[in-house]
Structure formats: structure tokens, C-alpha cells
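Q: I need the structure of the sequence given here:
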Amino acid sequence: MSAKLRKYGLRVLAAAFIYLFFRLTSNSADAALANDITVWPIILLFAIGVVLIVWEVCDHVILYFGNKNPHDLTEKRSLFKVFLFATLATFPLVAGFIYFEIYHLKVWLNCITNPGAEFVANIIQGFVVTWLVIAIEILKTYYRSMRAMELEQVRIQKELMRSQYETLKNQVNPHFLFNNFSVLAALIHKDADLASDFVTQLSKLYRYILDNTNTEMISLSKELEILDSYIFLLKIRHEESIVIEQDIDLDITKYVLPTLSMQMLIENAVKHNKFNKTKPLIIKIYNDADSSIVVQNENNPKEGFSSTTKIGLENIKSRYNLKSTEQVVVYQSDDYFKVKLPIFST
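A: Numbering: from 1, shown residues only. Sure, this is the predicted structure:
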């Protein structure tokens with residue numbers, strides 16, 4: 001049995017139960033007339049149809065709010081708003097259906113003698129049932145949303161752990177080591193002092209990575225400090241082929257951001273773009289008016305990388321999703337690629 005068939009089957013049973021409950025507990029003088037074998041099946045089918053329509057309207061109201069912002073359905077204030085809108089959407093329908101039943105259907109079936117009194121009684125019952133249906137659907141939606149959020153948190157946590165591992169693995173992979181050791185070997189014979197500085201910065205970078213593999217957030221000052229080590233290694237290797245401009249006028253000791261996020265963006269820029277001494281890769285690092293850190297590079301993609309998903313960027317987005325509602329913003333044009341990283345006060 002499909003989920004949709006099961007859902008509507010249960011709703012038909014619920015509607016039938018509601019009708020029978022109110023019919024059996026009714027003290028109306030017309031109850032006996034309405035229970036006639038030639039009458040009550042028609043009224044029962046009408047009641048089931050009304051409940052199904054009201055339920056469907058309620059579903060669409062909840063779906064509308066859920067599509068606008070799914071996370072709102074876990075907040076009590078937003079749930080009350082949904083309850084209010086669902087009430088406003090369904091109550092006029094209920095009143096209209098009850099009016100039709102009392103003044104048209106039952107008159108046609110000749111099973112009513114006092115329409116006014118029964119209309120008042122039925123509309124109160126109808127509103128109670130409608131509120132019950134709305135409350136059931138909102139509770140179901142709330143628990144589904146909470147469960148979905150919990151599963152998403154678990155997924156993001158796993159993604160965070162994977163990204164931390166990938167960051168470490170990417171930095172210590174043989175290709176990265178080979179490139180740096182090749183540079184170091186050349187420097188030893190060419191400039192011993194520069195070779196010593198190179199070893200110092202390389203060891204500093206690896207120490208930072210190893211010490212902060214499980215650290216989710218790091219101070220902006222510390223991130224910029226280790227970024228200088230990474231930039232130093234890049235500049236030694238690529239020389240004038242890479243130009244990195246920094247212009248941050250914030251108090252960098254008062255902010256934090258996800259560990260190694262800036263370094264991963266620069267790594268992406270170097271990996272995905274082609275450059276040389278005559279046409280260097282220019283990377284700019286600065287803060288904008290809303291205190292976000294911006295990493296921007298000229299867009300000159302290598303062949304085969306123009307449509308890449310940039311795993312490093314996706315990892316950064318996942319870590320932000322885990323810690324905050326703030327979003328990483330990406331701008332891309334034919335001329336440049338820019339990423340805005342929100343930062344957080346300590």
C-alpha cells in the first residue's frame with residue numbers, strides 16, 4: 001500500500017469516527033430522522049468529504065510555511081502563526097459546508113425540523129473538530145521537522161569530521177610534500193638562510209594543522225598568522241606568479257571563524273586557476289562593511305576545472321551550517337571569484 005493511499009485511508013476512517021461520535025452523542029430531536037437508513041449514509045459521505053477537504057487545506061497551509069523556511073516549523077512562535085493561518089483558511093469553509101448541510105442537504109432529505117438550533121450546535125462541533133485536525137497536523141509537522149533537523153545535524157557533524165580529515169590529508173599528501181621538499185632542496189644550495197625560513201614556516205604550518213584538526217573555530221588573528229606561513233610557502237614556490245593583497249582593518253583578536261577556511265579558499269584559487277609571471281594570480285583578502293572576510297581572486301580557470309564543485313568550499317559551507325545560520329556567500333563572474341566568510345564575535 002502506498003504512503004498516499006494509507007494516509008487518505010486513515011483520514012477517511014478518522015472522518016467516519018468523528019461523524020459517528022457526534023451523531024451517537026447528539027441529543028437533537030432530529031437525530032432519529034438523520035439516523036434513518038436512507039439518510040445517514042448520504043450525510044456520512046458528505047461529512048467525510050468535508051473533513052478530507054479541511055485536512056487538505058490544512059496540509060497546504062503547513063506546506064506553504066514549510067517551503068518558505070523549514071526551520072521555522074520548530075519554533076513555537078512560528079507554529080502559532082501556522083495555527084492561526086490554518087484556522088483562518090479552514091473556518092470559513094467549515095461554516096459554509098455546515099450551512100449547506102443544514103439548509104440544503106438535510107432539507108432536501110427531509111430530516112430536519114429546526115435548522116437554526118442545529119446550525120449553531122453543528123458549527124461549534126465543526127470548529128472543535130477543525131482545531132483538532134489542525135493541532136494534529138502541526139504536532140506531526142513539528143516532530144518531523146525536529147527529527148529532520150537532528151538528522152541534518154548528524155550529517156553536518158559527519159561532514160565536518162570528514163572535512164577536517166580531508167584538510168589534514170590534503171596538506172600532508174605526497175604531492176604537497178614533494179613540491180615543498182623540491183623547493184627546499186633547491187633553496188639549500190641557493191640560499192641557506194631562506195631555506196631555514198622555509199623549514200620554519202613549513203613546520204609551523206604543519207604544527208598548526210595537527211594541533212587544530214579537531215578545533216571547529218579559531219581566532220581571526222591566529223588564522224591570519226598561520227595564513228602568512230602558507231602564503232610564504234606559496235610565494236617561495238611560485239614567486240611573482242602569485243600576488244596576495246591583504247587589507248583587514250578589524251580588531252582581529254575579537255573575532256573567530258572556522259579553522260583553515262581562508263587557507264582552503266586560497267588553496268582552491270591556486271589549484272583551479274592558471275597563472276604565470278606575466279599574468280599572475282591576484283588574490284585579495286579584506287573585510288567588507290558587514291565585517292565579513294572576503295577572499296577574492298581573478299577568474300582564469302584551468303581546463304577541466306571550470307565546472308568543478310570545489311570540495312573545499314562545500315566543506316566550509318557545511319561547517320558554517322553546523323555553527324550558525326550565517327551563510328557563506330559566493331559571487332562568480334567571468335572576471336573574478338569571490339567568497340564572503342561571516343566572522344563571529346568572541
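Q: OK, contacts around the residue nearest to residue 215 when sequence neighbours are not counted?
A: Of all residues not flanking residue 215 in the chain, residue 259 sits nearest, at 5.1 Å (CB to CB, 6 or more residues apart in numbering). Quick note: C-beta positions are derived from backbone N, CA and C, even for glycine. Contacts for residue 259 (CB atoms under 8 Å, 6 or more residues apart in numbering) come out as 164, 212, 215, 216, 217, 218, 223.
Q: Between all of the residues you listed, which two are separated the most?
A: Maximum pairwise distance in those, criterion CB to CB, is 14.9 Å, between 164 and 223.
Q: returning to what we had before: quick one: buried ones out of the contacts of residue 259?
A: For those, a neighbour count by 16 or more other CB atoms under 10 Å gives the buried set as 164, 212, 217, 218, 223.
Q: hang on, the earlier thing: what's the lowest-pLDDT member of the contacts of residue 259?
A: For the contacts of residue 259, the weakest pLDDT value sits at residue 164, with 62.
Q: if we can go back for a sec, could the buried ones among the contacts of residue 259 go into JSON lines alongside distance to residue 337 and secondary structure?
A: Listed next are the buried ones among the contacts of residue 259 as JSON lines, based on distance: CB to CB, whole Å; DSSP: H, G, I helix; E, B strand; the rest coil:
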{"residue": "164", "distance to residue 337": "24", "secondary structure": "helix"}
{"residue": "212", "distance to residue 337": "26", "secondary structure": "coil"}
{"residue": "217", "distance to residue 337": "25", "secondary structure": "strand"}
{"residue": "218", "distance to residue 337": "24", "secondary structure": "strand"}
{"residue": "223", "distance to residue 337": "20", "secondary structure": "helix"}
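Q: quick one: which of those residues is nearest residue 135?
A: Comparing those against residue 135 with CB to CB places residue 217 closest, at 40.3 Å.
Q: Tell me the spatial nearest neighbour of the closest one, not counting adjacent residues.
A: Using CB to CB, 6+ apart and skipping the chain neighbours, the partner closest in space to residue 217 is residue 256 (4.5 Å).
Q: List the neighbouring strands of the strand or helix carrying that neighbour plus their orientation.
A: Using DSSP states H and E, residue 256 sits within strand 255-258. Pairing partners of strand 255-258, with direction, according to DSSP bridges: strand 217-219 (antiparallel), strand 344-345 (antiparallel).
Q: do you know which of those lies nearest residue 94?
A: strand 344-345 (48.4 Å).
Q: okay, the next helix-or-strand element following the strand holding residue 256 in CSV with CA atoms only?
A: The C-terminal neighbour of strand 255-258 among helices and strands, as given by DSSP H and E, is helix 261-272. C-alpha atoms of helix 261-272 as CSV (Å, rounded to 0.1, in the frame of the first residue of the first chain):
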residue,chain,number,x,y,z
SER,A,261,38.7,28.2,6.0
MET,A,262,40.8,31.1,4.5
GLN,A,263,43.7,28.8,3.7
MET,A,264,41.3,26.4,1.9
LEU,A,265,40.0,29.3,-0.3
ILE,A,266,43.5,30.3,-1.3
GLU,A,267,44.4,26.7,-2.0
ASN,A,268,41.3,26.4,-4.2
ALA,A,269,42.3,29.6,-6.1
VAL,A,270,45.8,28.3,-6.8
LYS,A,271,44.5,24.8,-7.7
HIS,A,272,41.8,25.9,-10.1
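Q: Helix 261-272 - contacts with which helices or strands?
A: For helix 261-272, the elements it packs on are helix 220-238, strand 281-287, strand 293-298, helix 311-323, strand 336-341, judged by 3 or more CB pairs under 8 Å, 6 or more residues apart in numbering; DSSP states H and E.
Q: weakest of the ones you listed by average pLDDT?
A: Across these, the lowest-scoring stretch is helix 311-323, with a mean of 76.
Q: Can you name every helix or strand that the helix or strand that comes right after it contacts?
A: Counting by DSSP H and E, the element after helix 311-323 in chain order, helix or strand, is strand 329-332. Taking 3+ CB pairs under 8 Å, 6+ apart as contact, the helices and strands that strand 329-332 lies on are strand 336-341.
Q: Could I get the buried residue list for the strand it packs on?
A: Neighbour counts over strand 336-341 (16+ other CB under 10 Å) mark 337, 338, 339, 340, 341 as buried.
Q: Could you do stretch 221-228 as well?
A: Buried, per 16+ other CB under 10 Å, within stretch 221-228: 222, 223, 224, 226, 227.
Q: Which stretches in this structure count as helices?
A: Taking DSSP state H as the criterion, the chain carries its helices at 3-24, 31-34, 40-68, 76-100, 106-109, 115-171, 174-190, 192-211, 220-238, 261-272, 311-323.
Q: Would you single out the least confident of the ones you listed?
A: Across the helices of the chain, helix 31-34 gives the lowest mean pLDDT, at a mean of 51.
Q: still on that earlier bit, partner residues bridging the residue nearest to residue 217?
A: Here residue 256 sits in beta bridges with residue 219, residue 344, going by DSSP bridges.
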